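Trainee: pasting a predicted model and its sequence here:
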Amino acid sequence: MAKNKTSRAERLEDKKIRGKKLMVWLAGAAAILIIVFIFQFATGGQDSSESSNKTSTENSQESEQSSDSGENNGNEEQELKVKTKDSEEDSSSEDEDKGKEAKEKEDKEKEDKEKEEKEEKDKEKEEKEEKDKDRKVEEGTEENVDKVITQDWEPVGTEQNVSGKHRPSFQQGSQDWNEIIQAASAATGLNQNDMIQWRVENAGGGNVSATLSDKSQKNVYRVLIEWANNKEGYRAVQVEKLNEVPSQYR
């Protein structure tokens, strides 16, 4: 009887011991699970923080890139405006330079032309003075003669034979007639387009007398003309400035 009681007590003791071991094992397992849970929570929070930081960094970089892009675009627009302005200023300066060059060229051409005209006038004046140095003017002694002018006029030139004796022709429009009028025009200064040929006639001794005036009849002349042998045709030897057209010719 006593042996059964002991065996039963031992079984109860073993059962308690196993229960305690189970509790210890369960407590250990629970502790391990808690540690694992805490570790996972801590790791997840760090990853989340890193992810958040990464996202924030990426957003910041994107913002900086966007800002840099905006600044670059702004700088490019500014540079484009500056280049455009510089180009416009260069173009305006180039046009202004071309305008100045054209003006300077025009002024120089004008100056050269005026200088050339002055030289021509001076030359003509010198030639006239040279021709007129032997010019002699006297008061007229005959009725209707205001002045008598003598000068060594040059022959006007001819295609006719200048050797030997020449008999002039007084037919209007003939070569002789035209050369006589040319010689009279050169001596009096009358323009043949503004001239009235009143009379061309024989003056004796192979000479010719030509009476003419301008169309207004304010300048009237009687010119004594000779045939200059070996001197290329007709030339004036005397010019009379008349007061009016002779009545017999009107």
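Mentor: Everything's here; your move.
Trainee: kindly provide the distance from Glu226 to Val239.
Mentor: Relative to Val239, Glu226 is positioned 13 Å away (Cβ to Cβ, to the nearest Å). Using the backbone N, CA and C atoms, a C-beta is placed for each residue, glycine as well.
Trainee: ugh, wrong one, I meant Val200
Mentor: With the distance defined as Cβ to Cβ, Val200 ends up 15 Å from Val239.
Trainee: same thing with Gly173?
Mentor: In terms of Cβ to Cβ, Gly173 sits 24 Å off from Val239.
Trainee: shouldn't Glu232 be in contact with Gly157?
Mentor: Yes - Glu232 lies in contact with Gly157 (Cβ atoms under 8 Å); the separation is 4.8 Å.
Trainee: which stretches in this structure count as helices?
Mentor: 2-132, 175-188 (DSSP state H).
Trainee: okay, now the unreliable bits of this structure?
Mentor: Scanning the chain for pLDDT under 70 picks out 1-6, 44-77, 81-83, 85-86, 88-90, 128-132, 229-231.
Trainee: Gly173 and Val239: who's more crowded?
Mentor: Comparing Gly173 with Val239 by other Cβ atoms under 10 Å, the one with more neighbours is Val239, at 21 against 8.
Trainee: if you skip the residues just before and after it, what's nearest to the more buried one?
Mentor: Ile149 (4.4 Å; Cβ to Cβ, 6 or more residues apart in numbering).
Trainee: show the contacting residues for the one you found.
Mentor: Residues counted as contacts of Ile149 (Cβ atoms under 8 Å, 6 or more residues apart in numbering) are 135-138, 238-241.
Trainee: with Lys215 instead?
Mentor: With Cβ under 8 Å, 6+ apart, Lys215 has these contacts: 194-196.
Trainee: just put those residues in CSV and tack on distance to Leu212.
Mentor: Output for these, formatted as CSV (distance: Cβ to Cβ, whole Å):
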residue, distance to Leu212
Asp194, 11
Met195, 6
Ile196, 6
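Trainee: run a quick neighbour tally on Ala9.
Mentor: 10.
Trainee: ok, it to Glu138 distance?
Mentor: Counting by Cβ to Cβ - Ala9 and Glu138 are separated by 193 Å.
Trainee: cool, and Arg18?
Mentor: 179 Å.
Trainee: Val200 now?
Mentor: Distance from Val200 to Glu138, by Cβ to Cβ: 24 Å.
Trainee: and Lys20, how many neighbours?
Mentor: Neighbours of Lys20 under the rule other Cβ under 10 Å: 10.
Trainee: all numbers from here: first residue = 423
Mentor: Sure, I'll start counting at 423 from here, so that last one is Lys442.
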